[in-house]
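Novice: Could you work out the structure for the sequence below:
(chains A and B)
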Amino acid sequence: DQQVKQNSPSLSVQEGRISILNCDYTNSMFDYFLWYKKYPAEGPTFLISISSIKDKNEDGRFTVFLNKSAKHLSLHIVPSQPGDSAVYFCAAGESQGGSEKLVFGKGTKLTVNP
Amino acid sequence: DSGVTQTPKHLITATGQRVTLRCSPRSGDLSVYWYQQSLDQGLQFLIQYYNGEERAKGNILERFSAQQFPDLHSELNLSSLELGDSALYFCASSVVDSYNEQFFGPGTRLTVL
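Specialist: Residues are numbered from 1 along each chain as shown, chains lettered A, B, ... in the order given. Presented below is the predicted three-dimensional model:
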């Protein structure tokens, strides 16, 4: 049973436009969420996170939105750049779960075309 | 560079064999996590150690085991290997009680023939 779902395996956008990556979760105990970016032959690198007490967190070109009632979060990248081309993973965790383990989605491959 | 190191980068072995993957966490991080990424799958949590003690277990097979040593490095042992164990194995580390980012190593690609 997938607790974190990224339903779009791939997304292609033009340079300068907005990229929107989506993620849904089923476990209502998740209270913190992270986005990771992964280039080929490298490990995932942390991008941005959000706690369930917020509905938005912004860091430069990256903004994450959380809709708790819909159990949905999204990552917006504005403007998109060719260097943003990578696989993006959504991850979730439970602060009261006794462990800091993360549950990951399967990833969305973003391609930003020049 | 995340500061997390993993060796070896690549490992090719045969079914039925046993291998050991090694991870050195970032300086000062007490928690180490192991994740498996199979083809077209997200990262699956295997196990977490905190300061030498097992803290949480995920979908880790009985053929797999791990430990964290006093110097905080960790090893993941995979035995009686099967074709389906071919995957990328990532180690991550984090500070104490960090409900934020984990820092990932570059991974070990295991191929079982």
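Novice: Tell me what residue A:91 is bridged to.
Specialist: residue A:34, residue A:104 (DSSP bridges).
Novice: tally of neighbours for it?
Specialist: 26 (other Cβ atoms under 10 Å in any protein chain shown). Backbone N, C-alpha and C define where each C-beta goes, glycine included.
Novice: quick one, what contacts it?
Specialist: Contact partners of residue A:91, counting by Cβ atoms under 8 Å, 6 or more residues apart in numbering or on different chains, are A:4, A:33, A:34, A:35, A:36, A:102, A:103, A:104, A:105, B:43.
Novice: Could you list the low-pLDDT ranges of chain B?
Specialist: Scanning chain B with the threshold set as pLDDT under 70 gives B:96-100.
Novice: Close to chain A: what parts of it are there?
Specialist: Chain B has residues B:2, B:4, B:31, B:33, B:35, B:40-45, B:48, B:55-56, B:58, B:90, B:92, B:94, B:97-107 near chain A, with proximity defined as Cβ under 8 Å from any Cβ of the partner chain.
Novice: ok so, going back, got the contacts of residue A:91 as CSV, with neighbour count columns?
Specialist: Formatted as CSV, the contacts of residue A:91 follow (neighbours: other Cβ atoms under 10 Å in any protein chain shown):
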residue, neighbour count
A:4, 23
A:33, 24
A:34, 23
A:35, 23
A:36, 25
A:102, 28
A:103, 22
A:104, 24
A:105, 25
B:43, 29
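Novice: re earlier: quick one, which of the residues of chain B next to chain A are buried?
Specialist: B:2, B:4, B:31, B:33, B:35, B:42-45, B:48, B:55-56, B:58, B:90, B:92, B:94, B:101-107 (16 or more other Cβ atoms under 10 Å in any protein chain shown).
Novice: So which of the residues you listed sit within helices?
Specialist: Among those, none falls in helices (DSSP state H).
Novice: who in chain A is up against chain B?
Specialist: A:4, A:6, A:32, A:34, A:36, A:41-46, A:49, A:51, A:89, A:91, A:93, A:95, A:98-107.
Novice: got the end-to-end distance for stretch A:72-81?
Specialist: End-to-end distance for stretch A:72-81: 25 Å, by Cα to Cα, to the nearest Å.
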